[in-house]
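Participant: Provided below are the primary sequence and the corresponding predicted coordinates.
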Amino acid sequence: MSDTRRKPEVAPPPNDTSPLANVSYYKPGTPMTDNTYFYVRPSKEAGGFFTIEDNVKIVLAWGRTIEEIAVKWHQLDDQKIIVEKLVRQGSGSSHRLLNLI
């Protein structure tokens, strides 16, 4: 089957688990209320998805393993810093693969 005929992936629902990692970004000269926040959340049950969500619980990316979600987490960080020219204000993680340098 060709790529153009595949069904689009459907995002899993947001996880209501405690975040493994979090980060915030801002554009210089804008109010703090305009900051962008992201969280990595683990699945509640085995076999579920890790998710990257924003502060209103919209799922931006997902993966089955911590390694898979870590790659997407770092890609999202690169997008925000390099392409969108936002400043990372703070980040935290309880897993070494999710640490942002």
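Facilitator: Thanks, I have it.

Participant: residues in contact with the helix or strand hosting residue 76?
Facilitator: Here residue 76 sits within helix 66-78, counting by DSSP states H and E. The contact list for helix 66-78, computed with C-beta atoms under 8 Å, 6 or more residues apart in numbering, reads 20-21, 23, 38, 40, 50-52, 60-63, 88, 95, 97-98, 100. Every residue, glycine included, has its C-beta placed from N, CA and C.

Participant: repeat the analysis, applying 10 Å as the threshold.
Facilitator: 20-21, 23, 25, 38, 40-42, 49-52, 60-63, 65, 84, 86, 88, 91, 93, 95-101 (C-beta atoms under 10 Å, 6 or more residues apart in numbering).

Participant: hmm, which of the residues you listed are the buried ones?
Facilitator: Buried by 16 or more other C-beta atoms under 10 Å: 20-21, 23, 25, 38, 40-42, 49-52, 61-63, 86, 91, 93, 97-98, 100, out of those.

Participant: pLDDT of the helix holding residue 76, averaged?
Facilitator: The average pLDDT for helix 66-78 rounds to 97.

Participant: what strands flank the helix or strand just after it, and is each parallel or antiparallel?
Facilitator: For helix 66-78, the following helix or strand on the C-terminal side (DSSP H and E) is strand 87-93. If you go by DSSP bridges, strand 87-93 pairs up with strand 21-26 (antiparallel).

Participant: for the partner strand, the distance to its chain's centre please.
Facilitator: 9 Å (C-alpha atoms, centre = their mean, to the nearest Å).
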